[in-house]
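Student: quick one: sequence plus predicted model below, questions after.
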There are 2 protein chains.
Amino acid sequence: MKFLSIQTIDEAKSALYENFTLTPGFEKIGLSEALGRVLAEDFRANQDVPPFEKSRMDGYAVIAEDTFGADETRPVKLEKIGAIAAGESSEIVMNRGQAVGIATGAPIPAGANAVVMVEYTSTSHDWVDVQQAVVPGENISAAASDIKSGEMLLQAGTVLASRHLGILAAQGIDQVQVYEKPKIALLSTGNELVEPGRKLAQGKIYDINTYSIAGRVSECGGTPIILGRVEDCRDTLKSSLKDALENFDIVITSGGTSKGAGDLLSDVTDSLGKPGVIVHGVNIKPGKPVIISVIDKGIVFGLPGNPLSALMAFNVFASPVIRRLSGLGESRVEAVSAKSALPLQNPGGRHLFLLVRLDRDSDATLLASPVAKDSGAITALNEADGYIQIPANTVRIEKNEPVEVVLFEGRSQRLY
Amino acid sequence: MKFLSIQTIDEAKSALYENFTLTPGFEKIGLSEALGRVLAEDFRANQDVPPFEKSRMDGYAVIAEDTFGADETRPVKLEKIGAIAAGESSEIVMNRGQAVGIATGAPIPAGANAVVMVEYTSTSHDWVDVQQAVVPGENISAAASDIKSGEMLLQAGTVLASRHLGILAAQGIDQVQVYEKPKIALLSTGNELVEPGRKLAQGKIYDINTYSIAGRVSECGGTPIILGRVEDCRDTLKSSLKDALENFDIVITSGGTSKGAGDLLSDVTDSLGKPGVIVHGVNIKPGKPVIISVIDKGIVFGLPGNPLSALMAFNVFASPVIRRLSGLGESRVEAVSAKSALPLQNPGGRHLFLLVRLDRDSDATLLASPVAKDSGAITALNEADGYIQIPANTVRIEKNEPVEVVLFEGRSQRLY
């Protein structure tokens, strides 16, 4: 077995990207399925919106100059020569002294240059009394006033929200080219693990990582494929991993990375293909005993069994890969500046991810306090608003020292 | 036909909540489907996590007092009386001078009070040399150190993120009680509208609202049901609305609310049940010609056809209803303080929603500038980061006057 020493985050990431090629997939989907998906190509307007000059109001298309001086006491009388409904095209050509009834959204007839709202008119037979003067252009949306053909509308990488769907619809687009959601296979190992919903025998605990990591995969734009639990046994682990890698490019395991047990996972992945294990141990806390293996075109992230360690190792190494494949970009940067509420120690020489809770002090400054929980506590994540990072070579952070807090999904709202 | 004068937002909302009862639905779903769903009930721990005292490391369970004084040069020799793997239960009772091999996650045997990491031991036959002193409790997770039975874990209304799934899994929960996603039927009216993907004849435009409003429904936690376009014809509109209301409690139409056309929608809804139209016109801009009708237990939101007006009217009236039904709470408050980059006018006496873009000035203050686009432009929404509100009785906002900007989904990230 090859020897791999504990690496820094940067060394481990370099090893990862030197050995694994990110190849996002793309697909065309229907517009009504596209919310939240990531646009895969720049989108330029292929037509003007609106495609024609149209009325913003129900009323009468007029020649503005005919209405100058009109008011309630001195209406201007115009000849009504027709009417245009929304959705109709019209060959009408208007001359001075004439008016055409027009609905909101209907095309402005040739010759007209303004619309008088119906509220300011009265009609009798073929005549319209106009009681208000309008200026040229009034109550008309010019052709291309919203979108001009050729204009850049949406850039590749846009996470499609409702407003973007409206823009695509306005261009008549019903199929959108988006990033495929990468499918990520999840395996958990550990004879102590029991699936939620079953009874817990003595010495057993419930499998947490399958569900929290599956959730993280979705949050990173991937689709988790839960393959279930594998026995801590060389042959079973090998055949399960082999099967998984035949069907999925990315496999995430959790558990079985600690000393002794970890040798099994690294031996097995080394035996499945080249280059095999590229990272075994990173100087982060929590998350140190992570194992990353590249097997031909596939990758296996071996996360530690401890739920917090698993999540942090996922966030550092798997999340950027999944986010890049899903088009979301390497990281979601949502961080706030705060002051440390307490002096903080980092005696272990590791890059420390410290869960913190944010509160405001009397002058509204954000204060970051470490969450006081057992280091493996899954509940600590719920009490925390995010985490701060203390580099391996920083031993101490003073009280009131500025720190940057990376916020967890959904926690920013607590700060408004 | 009854006469309804233009109402204020508050009057219109009061009329809505007096006539329409919000009755959220609930359902039980599997844990792996629960990401992003809203928890419908408080969740208290039903068991301790971990359920037993367990080892955090691979190594040896010991009696800490036996190791005092041990180091590499003066190891303490202990008798190895057995080993416990993860997932095993054990009847071993340890006495002074003894040690038990133990795996990460395995239960601590009776009598032991600490774990020595395997790195600090060496073994020969039935003896273990311990090269490091440990204190009582070292490398042990106490029973219930993460979760104590009876403890409040998650509150009703929590939007389930990956960290919450982990907590539920830790408790063995495989089925979660969540809010049902309210199904919202969408109808669009307007003979000028063409479905995206089809060819645009003269005088026609693409149907934008179906897609932008469907997106907003999803963003508010609902499931949009696209019923398509209805001809501007009394009988067709009546039968389409009747069908929709038989299957869905909430129906959203867009288009056909302007003067003249609006009378059709209000006549038709009035004829379908009681109390009928409760709001017809609200003094907001954009969005004024909104029609809200309550038909027995159902509700019809008649949004204007103009895409921006439709979205604003949706945000003011439909969004709070859908969000309350879906458990998300009446509004998503995500707003930032800024200064107005320009003097702003509100001459119309209406409650103005003004789309703005945010930039930072030289001293990092946020400046809000109105988006300069045709009032109906769907692209204006994409250029804007959010909107400010100018009340009906405020005629002018000065340059540099403080304003509150309500941010659109996903725009807060641009500010970090």
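Tutor: Yes, it's here.
Student: when you work out contacts or count neighbours from here on, use the C-alpha atoms and nothing else.
Tutor: Fine.
Student: in the stretch 1-150 of chain A, mark out all the helices, start to finish.
Tutor: A:9-19, A:64-67 (DSSP state H, counting those that start in this stretch).
Student: pick the most buried one from those helices.
Tutor: Here the criterion is mean neighbour count by mean count of other Cα atoms under 10 Å in any protein chain shown, and of the helices of the stretch 1-150 of chain A the winner is helix A:64-67, at a mean of 19.
Student: what packs against that one?
Tutor: Counting contacts by 3 or more Cα pairs under 8 Å, 6 or more residues apart in numbering or on different chains; DSSP states H and E, there are no secondary-structure elements packed against helix A:64-67.
Student: chain neighbours aside, what residue packs nearest to the one residue in the stretch 101-250 of chain A that gets nearest to chain B?
Tutor: Taking Cα to the nearest Cα as the measure, the point where the stretch 101-250 of chain A comes nearest chain B is residue A:192, at 3.3 Å. Counting by Cα to Cα, 6 or more residues apart in numbering or on different chains, residue A:192 lies nearest to residue B:87, which is 3.3 Å off, once chain neighbours are set aside.
Student: can you get me a residue count around that neighbour?
Tutor: Around residue B:87 sit 21 other residues, with neighbours defined as other Cα atoms under 10 Å in any protein chain shown.
Student: for the residue of the stretch 101-250 of chain A closest to chain B, what are its contacts?
Tutor: Contacts for residue A:192 (Cα atoms under 8 Å, 6 or more residues apart in numbering or on different chains) come out as A:203, A:204, A:205, B:86, B:87, B:88, B:105, B:106.
Student: report the rounded mean pLDDT for the helix or strand hosting residue A:367.
Tutor: Take DSSP states H and E as the rule and residue A:367 turns out to sit in strand A:366-370. The predicted model assigns strand A:366-370 a mean pLDDT of 95.
Student: residue A:216 - how many residues pack around it?
Tutor: Counted with other Cα under 10 Å, residues neighbouring residue A:216 total 24.
Student: per-residue confidence at it?
Tutor: pLDDT for residue A:216: 96.
Student: now do the same contact list for it.
Tutor: Counting by Cα under 8 Å, 6+ apart, the residues that residue A:216 touches are A:319, B:162.
Student: run the last query once more with 7 Å
Tutor: Applying Cα atoms under 7 Å, 6 or more residues apart in numbering or on different chains to residue A:216 gives the contacts residue B:162.
Student: then residue A:258?
Tutor: With the criterion set at Cα under 7 Å, 6+ apart, residue A:258 makes contact with residue A:289.
Student: check which element follows the longest helix along chain A along the chain.
Tutor: Counting residues, the longest helix in chain A under DSSP state H turns out to be helix A:234-247. Downstream of helix A:234-247, the first helix or strand assigned by DSSP H and E is strand A:250-254.
Student: now the element after that following strand, going C-ward?
Tutor: If you walk from strand A:250-254 toward the C-terminus, the next helix or strand you reach (DSSP H and E) is helix A:261-272.
Student: and the strands in the stretch 101-250 of chain A?
Tutor: Per DSSP state E, counting those that start in this stretch, the stretch 101-250 of chain A has strands spanning A:114-117, A:121-124, A:127-130, A:140-141, A:152-154, A:175-179, A:183-189, A:193-194, A:205-206, A:223-230, A:250-254. These are given in chain order.
Student: so which of the ones you listed is nearest residue A:326?
Tutor: strand A:175-179 (5.7 Å; Cα to Cα).
Student: thinking again about what came up before, pull the residues that contact the longest helix of chain A.
Tutor: Outside helix A:234-247, the residues that touch it by Cα under 7 Å, 6+ apart are A:185, A:230, A:231, A:251, A:264, A:268, A:298.
Student: ok, 10 Å please
Tutor: Applying Cα atoms under 10 Å, 6 or more residues apart in numbering or on different chains, the external contacts of helix A:234-247 come out as A:183-187, A:189, A:225, A:227-231, A:248, A:250-253, A:264-265, A:267-269, A:271-273, A:295-300.
Student: one step back: which of the helices of the stretch 1-150 of chain A sits closest to residue A:376?
Tutor: Taking the helices of the stretch 1-150 of chain A one by one with Cα to Cα, helix A:9-19 is closest: 20.9 Å.
Student: residue A:90 reaches residue A:106, doesn't it?
Tutor: Yes. With contact defined as Cα atoms under 10 Å, residue A:90 counts as touching residue A:106 (9.3 Å).
Student: these two - which one has more neighbours?
Tutor: For residue A:90 against residue A:106, the residue with the higher neighbour count under other Cα under 10 Å is residue A:106, and the figures read 29 against 17.
Student: hang on, isn't that one packed against residue A:100?
Tutor: No. In this structure residue A:106 lies outside contact range of residue A:100 using Cα under 10 Å: 11.1 Å.
Student: can you list residues touching both of these two?
Tutor: When contacts are counted by Cα under 10 Å, 6+ apart, residue A:106 and residue A:100 are jointly contacted by A:83, A:84.
Student: which residues are in contact with the nearest residue to residue A:106 once chain neighbours are set aside?
Tutor: Closest residue to residue A:106 apart from its sequence neighbours, by Cα to Cα, 6+ apart: residue A:86 at 4.0 Å. Residues in contact with residue A:86 (Cα under 10 Å, 6+ apart) are A:54-55, A:58, A:102-107, B:190-193, B:203-205, B:232.
Student: thinking again about what came up before, show me which of the contacts of helix A:234-247 neighbour chain B.
Tutor: residue A:225 (Cα under 10 Å from any Cα of the partner chain).
Student: are any of the contacts of helix A:234-247 buried, and which?
Tutor: Restricting the contacts of helix A:234-247 to buried positions leaves A:183-187, A:189, A:225, A:227, A:229-230, A:248, A:250-253, A:264-265, A:267-269, A:272-273, A:295, A:297-300, with burial counted as 16 or more other Cα atoms under 10 Å in any protein chain shown.
Student: can you list the domains in chain A?
Tutor: Taking automatic domain parsing as the reference, chain A has its domains at A:9-25+A:181-325, A:26-49+A:145-179, A:54-141, A:335-415.
Student: any chance you could map the helices in the stretch 301-416 of chain A?
Tutor: Counting by DSSP H, counting those that start in this stretch, the stretch 301-416 of chain A has these helices, from start to end: A:307-313, A:319-325, A:379-383.
Student: mean confidence score for the last one?
Tutor: Rounded to a whole number, the mean pLDDT of helix A:379-383 is 89.
Student: quick one: that helix near chain B?
Tutor: Yes. Judged by Cα under 10 Å from any Cα, helix A:379-383 and chain B are in contact via A:379, A:380, A:381, A:382, A:383.
Student: list the contacts of that helix.
Tutor: In this structure, residues lying in contact with helix A:379-383 by Cα under 10 Å, 6+ apart are A:307-308, A:311, A:355-358, A:370-374, A:387, A:408, B:49, B:145-147, B:153-154, B:161-164, B:166-168, B:170.
Student: repeat for stretch A:119-130
Tutor: Contacts of stretch A:119-130 with the rest of the structure, by Cα under 10 Å, 6+ apart, involve A:58-60, A:62, A:66-67, A:70-72, A:74-82, A:98-101, A:116-118, A:131-133, B:259.
Student: please convert the buried members of these into ChimeraX selection syntax.
Tutor: The ChimeraX command for the buried members of the contacts of stretch A:119-130 (criterion: 16+ other Cα under 10 Å) is given here:
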select /A:58,59,60,62,66,67,70,75,76,77,78,79,80,81,98,99,100,101,116,117,118,131,132,133 /B:259
